[in-house]
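Engineer: Here is my input; please provide its structure:
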Amino acid sequence: MITNAVLSVFYGFVGWAASLLPSGSPPDFIDQMSSALGTLIGSAQGLSAWVPWPFVIGTTVVVGSVWLAVLAVKGIRWLLAWIPTWGGS
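Structural biologist: Okay, here's the model as predicted:
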C-alpha cells in the first residue's frame, strides 16, 4: 500500500518531467548521422591490416569495465558513508 503510493508519486513525477521535453520530429543532423557513421566505419575497416581491431576492442572493453567497477565501488562507499554508524570518509 505504501509502496504503491510511493511508486505513483514517482511515476507522476517522471510523467511530469517527460511532459516538459519538447515533442516533434528530430533535427536533420540526426538523420544524416547514420550515413556519416557508416562512412566512418567503412573507412576504419580498411585499417584492419595495421590495427588489430579485436585487441583494440578487447582492451577498450576491459579498461572500461575496470573504470565502471571502480566508480561503482566509490559510489557504494559514498552511499554507505551516509549511514552514521558505519562511518566513511
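
Engineer: Would you indicate which residues of the lowest-mean-pLDDT helix or strand in the chain are buried?
Structural biologist: Of all helical and strand segments in the chain, the minimum by mean pLDDT, DSSP states H and E falls on helix 28-45, at a mean of 83. Taking 16 or more other C-beta atoms under 10 Å as the neighbour-count basis, helix 28-45 is seen to contain no buried residue. Backbone N, C-alpha and C define where each C-beta goes, glycine included.

Engineer: how far does it sit from the chain's center?
Structural biologist: Relative to its chain's centre, helix 28-45 lies at 21 Å (C-alpha atoms, centre = their mean, to the nearest Å).

Engineer: Going along the chain from it, find the next helix or strand for me.
Structural biologist: helix 53-80 (DSSP states H and E).

Engineer: quick check: angle from that following helix to helix 28-45?
Structural biologist: Counting by axes from the mean of the first three to the mean of the last three C-alpha atoms, to 10 degrees, helix 53-80 lies at 130 degrees to helix 28-45.

Engineer: State the mean pLDDT of helix 53-80.
Structural biologist: Helix 53-80 carries an average pLDDT of 94.

Engineer: Return the alpha-carbon coordinates of the least confident helix or strand of the chain using PDB.
Structural biologist: Extracted C-alpha coordinates of helix 28-45, given in PDB (Å, rounded to 0.1, in the frame of the first residue of the first chain):
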ATOM      1  CA  ASP A  28      18.000  16.900 -39.600                       C
ATOM      2  CA  PHE A  29      21.500  16.200 -38.300                       C
ATOM      3  CA  ILE A  30      20.300  13.000 -36.600                       C
ATOM      4  CA  ASP A  31      19.100  11.600 -39.900                       C
ATOM      5  CA  GLN A  32      22.400  12.400 -41.500                       C
ATOM      6  CA  MET A  33      24.400  10.900 -38.600                       C
ATOM      7  CA  SER A  34      23.800   7.300 -39.700                       C
ATOM      8  CA  SER A  35      25.300   7.900 -43.100                       C
ATOM      9  CA  ALA A  36      28.300   9.700 -41.600                       C
ATOM     10  CA  LEU A  37      28.700   6.900 -39.100                       C
ATOM     11  CA  GLY A  38      28.500   4.300 -41.900                       C
ATOM     12  CA  THR A  39      31.200   6.100 -43.800                       C
ATOM     13  CA  LEU A  40      33.400   6.300 -40.800                       C
ATOM     14  CA  ILE A  41      33.000   2.600 -40.000                       C
ATOM     15  CA  GLY A  42      33.700   1.700 -43.700                       C
ATOM     16  CA  SER A  43      36.900   3.800 -43.600                       C
ATOM     17  CA  ALA A  44      38.000   2.100 -40.300                       C
ATOM     18  CA  GLN A  45      37.500  -1.400 -41.800                       C
END
